[in-house]
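**Q** Pasted the sequence and its predicted model underneath.
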Amino acid sequence: LNSKMKFLQPLTRGLRGLHTNTVCSSAAAMSRVTKEQAPYAKMDENLKIVKERLGRPLTLSEKIVYSHLDDPQNQDIVRGESYLRLRPDHVAMQDATAQMAMLQFISSGLPQVAVRSTIHCDHLITAKEGSETDLTTARDVNKEVYDFLASAGSKYNVGFWGPGSGIIHQIVLENYAFPGVMLIGTDSHTPNGGGLGGVCVGVGGADAVDVMAGLPWELKCPKAIGVHLTGSLNGWTSPKDVILKVADILTVSGGTGAIVEYFGDGVESISCTGMGTICNMGAEIGATTSIFPFTESMAEYLSATGREDIANYAREYKHLLSADEGAEYDQVIEINLDTLEPHLNGPFTPDLATPVSKFAEAVKENDWPAELSAGLIGSCTNSSYEDMSRAAEIAEEAKRNGVKAVSKFYITPGSEQIRATIARDGISQAFEDVGGVLLANACGPCIGQWDREEVPKGTKNSIVTSYNRNFTSRNDGNPQTHAFVASPEIVTAMVLSGRMDFNPLTDTLEGVNGPFKLTPPTGSRLPANGFDEGRPTYQAPPAERDNLSVVVDPESDRLQLLTPFNAFSGDSELKLNVLMKVKGKCTTDHISMAGPWLKFRGHLDNISNNMLIGAINSANDEANSILNVTTGEYNTVPGVARDYKAKGIQWCVVGENNYGEGSSREHAALEPRHLGGMAIIVKSFARIHETNLKKQGMLPLTFDDVSDYEKIGSEHSTITITGIDSFAPGSQFEAVVNNQDGSSHTIKLNHTFNDAQINWFRAGSALNHMKNSAL
């Protein structure tokens, strides 16, 4: 394969499009650590072609997306219908997903990536004792994986941010995001970069591999949802409350297939990092991404992070970085910031919103645990200097009044730069003075990397976090933990009271000199003395890489080289056993849990032992207990799937709405494929998961009539799908359902495959198709 790939190298360089340097009198580098130029001139050229073709005003997101088209002259452009072929500027990968992405890239045989790419070590650090101890433990436990990622980065020209550098999205905001950038990342919260006016999209690893290989990235043309902001943030209300309210309005699936674009006078009252918070959590409404127009707060942040040149360059191209007058949205939401209250969302879903004024009542009515066991602030959503300084003001006021945190209180800096700066400015000390514990610059409890010993599994309790996601068991592996999402300010105030029914806007704390009410925090958007970059954690790829190698131990239980999936057999029909009929919400956390399983993200066979172990079986309302119809016995989901695979039995999974919401993890698609699955049949899909399934050669199908879900038995059912050998874009499949009770039903199933994606299925995967195309 290597020799056959050689001729592709000039081709992929030619395909890069936007990644050739643009000569411009006032050009600026795209980041502090690379010399590649911001592509505004090329974007402007592409956009003129598109605007002449469409003849209408464009939204901001349309401008950035369409200006990154591979072929702006001939690309079909219809919102919600066309599949766009795009040329991103950057690929960012966090360490848990980078393992599989780099293993796939290595198997492609290409000598180096075609697009600027980076790896970020943030997911594999478990929170337990505190920052330094936890980081030292992680470096020891994960040495094999870190060495693999560092060596793969050096070999294939990928920048490497080592453990302790910080969370991928904070590092991207500090170094790589800029107004107008198109960046894809192998993490669902990549939209954080929209706070700097970029189209930053979470994808699966296979999408990242395509772009790193020099191929266009494919995305269904997004619809546009506008959020019109009026008024200004004030008092206890923060940027986090904007997205908590939007989640309340749109729900976890309301943004699917759309880019959420914020506009209006209210935008000016929000800091750049505050915009990042809003865009980050936009992943929880299913949005492709979220974005803000270029503002002076963005320019100030760029200057503060050593990128004043790109701020000035962006001003020259400001017409690219805001919506045209008269641009139309598919939906518009109105939010008045003057009257917006702080909110708390949860438990168990990020779209169940309650204003703080009604939260005490909701706690009582719903019998939520009223005692607050822990409060956690920081992580990728809310770890900016502004967030930390506002929360620290509350802590300092508490200290002056002799009050300490009643609940456990954990603080996660988003990056080494933030950690060093808040340590220098006394903010870390303010947290520690009231009993706070600083954790490592990593994802930690936000993704389940929390070795929580003080609350036994199964104990009903409440936590409040400033994170973005609060699915069942997500933070600590305990299904009885009621997790609520709020701003860092609200979290900090609540840990001081130790109560879920405490409202800092109206209630008082008991201080040494009597009762007192907390003052609404103001904080600082940026540090007065500039940022302290802290310890060096970045490894640039060397100029000479020909003699470097990447070694994977065949006996490793952490890393495993990939074996290509089998190509489609060409049969006209697929007879599939229903492995499991899933009941209710089924996120990627249910399909492929994180937490302790993260250590196996580079070993497909081992990570497959967690496939669907969190999903609820409709037959018995239990998790990880399904019937093996060949033995008549109940076993784990992976155990039954492995047995079926060994016996040559192909299978499918049946599910409900928004199947696969949450993380971008492609393991939720790789695992079913590895264990013999052929189709996932549901009422509706989350965007990233549907694409991931296609990339791995599976059939993501939806019921034409959602009531057909009820026609499928919970056990002993088979589904025979016909016309597999001849399906085409826009066609329907006919399927026959046979149940144990003797009933039989003919149903219609829909798909969203285009011609290129059908080729992925026939080849066995997108990666197989890429290799075959090189022959």
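**A** Yep, it's here.
**Q** Next, the contact list for the most centrally placed residue in the chain, please.
**A** Nearest to the mean C-alpha position of the chain, by C-alpha atoms, centre = their mean, lies residue 188 at 1.1 Å. Residues in contact with residue 188, defined by C-beta atoms under 8 Å, 6 or more residues apart in numbering, are 202, 283, 662, 663, 664, 688. (Each C-beta comes from the backbone N, C-alpha and C, glycine too.)
**Q** Point to the helix or strand of the chain where mean pLDDT is at its lowest.
**A** Using mean pLDDT, DSSP states H and E, helix 8-15 stands out as the lowest-scoring helix or strand of the chain, at a mean of 28.
**Q** For the next helix or strand after that one, name the packing helices and strands.
**A** Counting by DSSP states H and E, the element after helix 8-15 in chain order, helix or strand, is helix 40-54. The contact analysis (3 or more C-beta pairs under 8 Å, 6 or more residues apart in numbering; DSSP states H and E) places helix 40-54 against helix 60-66, helix 308-316.
**Q** could you redo the last one with a cut-off of 7 Å?
**A** Applying 3 or more C-beta pairs under 7 Å, 6 or more residues apart in numbering; DSSP states H and E, we find helix 40-54 packed against helix 60-66.
**Q** can you tell me which of the contacts of residue 188 are in strands?
**A** residue 202 (DSSP state E).
**Q** returning to that earlier point: hang on, the residue nearest to the centre of the chain in a helix?
**A** No: Residue 188 is assigned coil when assessed by DSSP: H, G, I helix; E, B strand; the rest coil, not a helix.
**Q** Next, work out how far apart it and residue 441 are.
**A** 20 Å (C-beta to C-beta, to the nearest Å).
**Q** next one: residue 332
**A** 38 Å.
**Q** who has more neighbours, the two?
**A** residue 441 (32 against 13; other C-beta atoms under 10 Å).
**Q** My guess is residue 716 contacts residue 629. True?
**A** Yes: counting by C-beta atoms under 7 Å, residue 629 is a contact partner of residue 716 at 5.5 Å.
**Q** The two: who's more crowded?
**A** residue 629 (18 against 14).
**Q** hmm, back to that, so which of the contacts of residue 188 is the closest to residue 733?
**A** residue 688 (22.8 Å; C-beta to C-beta).
**Q** which non-adjacent residue is nearest the closest one?
**A** Leaving aside its chain neighbours, residue 688 sits nearest to residue 664 (4.8 Å; criterion: C-beta to C-beta, 6 or more residues apart in numbering).
**Q** how many other residues sit next to that neighbour?
**A** 30.
**Q** Tell me where this protein is predicted with low confidence.
**A** 1-26, 775 (pLDDT under 70).
**Q** which residues touch residue 572?
**A** 722, 723, 724, 725 (C-beta atoms under 7 Å, 6 or more residues apart in numbering).
**Q** so the third one touches residue 574, yeah?
**A** Yes: with contacts counted by C-beta under 7 Å, residue 724 reaches residue 574, the gap being 5.4 Å.
**Q** Could you check how far the residue nearest to residue 688 is from residue 689?
**A** With distances taken as C-beta to C-beta, residue 664 is found 8 Å from residue 689.
**Q** same check, this time on residue 117
**A** 23 Å.
**Q** So if I had to pick from the two, which one is more boxed in?
**A** Neighbour count, other C-beta under 10 Å: between residue 117 and residue 689, residue 689 has more, with 29 against 25.
**Q** So what does the nearest residue to that one once chain neighbours are set aside look like in phi/psi?
**A** Once flanking residues are discounted, residue 689 sits nearest to residue 660: 2.6 Å by C-beta to C-beta, 6+ apart. When read as degrees, to the nearest 10, the backbone of residue 660 gives phi 90, psi 20.
**Q** got it, and residue 410?
**A** Backbone geometry at residue 410, expressed as degrees, to the nearest 10, gives phi -120, psi 140.
**Q** Quote the end-to-end distance of stretch 162-175.
**A** 15 Å (C-alpha to C-alpha, to the nearest Å).
**Q** close enough to count as contact, the residue nearest to residue 689 and residue 669?
**A** No: with contact defined as C-beta under 7 Å, residue 660 does not count as touching residue 669 (8.2 Å).
**Q** which residues are common contacts for those two?
**A** residue 689.
**Q** ok, now which ones touch the residue nearest to residue 688?
**A** 186, 187, 188, 202, 203, 204, 688.
**Q** The same query, at a cut-off of 8 Å, please.
**A** By C-beta under 8 Å, 6+ apart, the neighbours of residue 664 are 97, 185, 186, 187, 188, 190, 202, 203, 204, 588, 688, 692.
**Q** same thing with residue 44?
**A** 67, 317, 320.
**Q** what's the closest of those to residue 554?
**A** Nearest member of the contacts of residue 44 to residue 554, counting by C-beta to C-beta, is residue 67, at 45.8 Å.
**Q** What distance do you get for that closest one to residue 51?
**A** 10 Å.
**Q** More neighbours: which of the two?
**A** residue 67 (28 against 18).
**Q** neighbours around the closest residue to the more buried one other than its chain neighbours, how many?
**A** Closest residue to residue 67 apart from its sequence neighbours, by C-beta to C-beta, 6+ apart: residue 43 at 3.7 Å. By other C-beta under 10 Å, the residues close to residue 43 number 25.
**Q** do the same with residue 364
**A** 12.
**Q** and the strand or helix carrying it, what does it pack onto?
**A** Using DSSP H and E, residue 364 sits within helix 356-365. Based on contacts counted as 3+ C-beta pairs under 8 Å, 6+ apart, the elements that helix 356-365 packs against are strand 343-345.
**Q** contact partners of the strand it packs on?
**A** 241, 244-245, 247-248, 351-356, 359, 464, 470, 484-486, 490.
**Q** So which of those belong to strands?
**A** 353, 354, 355, 464, 484, 485.
**Q** By neighbour count, which of the residues you listed wins?
**A** For the ones in strands among the contacts of strand 343-345, neighbours tallied by other C-beta under 10 Å; top is residue 485, 31 neighbours.
**Q** if I look at it, how far off is residue 103?
**A** Counting by C-beta to C-beta, the gap from residue 485 to residue 103 is 33 Å.
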